[in-house]
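Undergrad: Show me how the following folds:
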Amino acid sequence: MKQKSRVLFLCTGNSCRSQMAEGWARHLKGGVLEPYSAGIETHGLNPRAVAAMAEAGVDISHHRSTHLDELAAVDFDYVVTVCSHAHESCPVFPRRATVVHVGFDDPPALARTAKTEDDAMKHYRRVRDEIRAFVDTLPGVFADLERRDDGN
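TA: This next block holds a predicted model:
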């Protein structure tokens, strides 16, 4: 039996985008991926991210904000940075992990100017759906990247 690919979704605070990505990966791709999420800092789990995922039928309320250092012993096959700050700060991983950057807008930043809760949630829902669309491409997109790196 083929071992699942270990994927780390990395963001600045592991509060929203990386949590959504881990939730989608567990929900949609749990048979082929072993997903994790972490941050280069920890900011706690964002309640609006939890609510947006719950609306889509994915429960991430049991997740917690994890610092990257807590996962130092895990050999990742892939690291997906989901924000520019994490991508720019991405550490070197001890084993050959393929690092992929797929930036998503920051819902908490966008929601700061929202006049209503529904207006705020629109940002979370849009980004949630964009993350789902990316996760739907996994693990195929990883294989495509590796073939490209090998010159095939």
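
Undergrad: Flag every buried residue along the longest helix along the chain.
TA: Criterion DSSP state H: the longest helix present in the chain is helix 117-136. Across helix 117-136, burial judged by 16 or more other Cβ atoms under 10 Å covers 120-125, 127-128, 131-132, 134-135. From N, CA and C alone the C-beta is placed, and that goes for glycine too.

Undergrad: Stretch 59-75 too?
TA: Applying a neighbour-count criterion of 16+ other Cβ under 10 Å, one finds 60, 63, 65-66, 68, 71 buried in stretch 59-75.

Undergrad: out of the buried residues of helix 117-136, who's nearest Val32?
TA: Using Cβ to Cβ, Val135 comes nearest to Val32 of the buried residues of helix 117-136, at 11.4 Å.

Undergrad: any low-confidence regions in this structure?
TA: Judged by pLDDT under 70, the chain has its weakly predicted residues at 1-2, 87, 89-95, 145-152.

Undergrad: what are the ranges of the helices in it?
TA: Counting by DSSP H, the helices of the chain are 17-29, 47-55, 84-89, 107-111, 117-136, 140-149.

Undergrad: ok so, going back, looking at the buried residues of helix 117-136, which is nearest Val141?
TA: Phe134 (7.9 Å).

Undergrad: Pretty sure the closest one sits against Val102.
TA: Yes - taking Cβ atoms under 8 Å as the definition, Phe134 is a contact partner of Val102 at 5.6 Å.

Undergrad: Endpoints of stretch 25-36, how far apart?
TA: 9 Å (Cα to Cα, to the nearest Å).

Undergrad: Tell me which residues of it come out buried.
TA: For stretch 25-36, burial by neighbour count (16+ other Cβ under 10 Å) applies to 25-29, 33-36.
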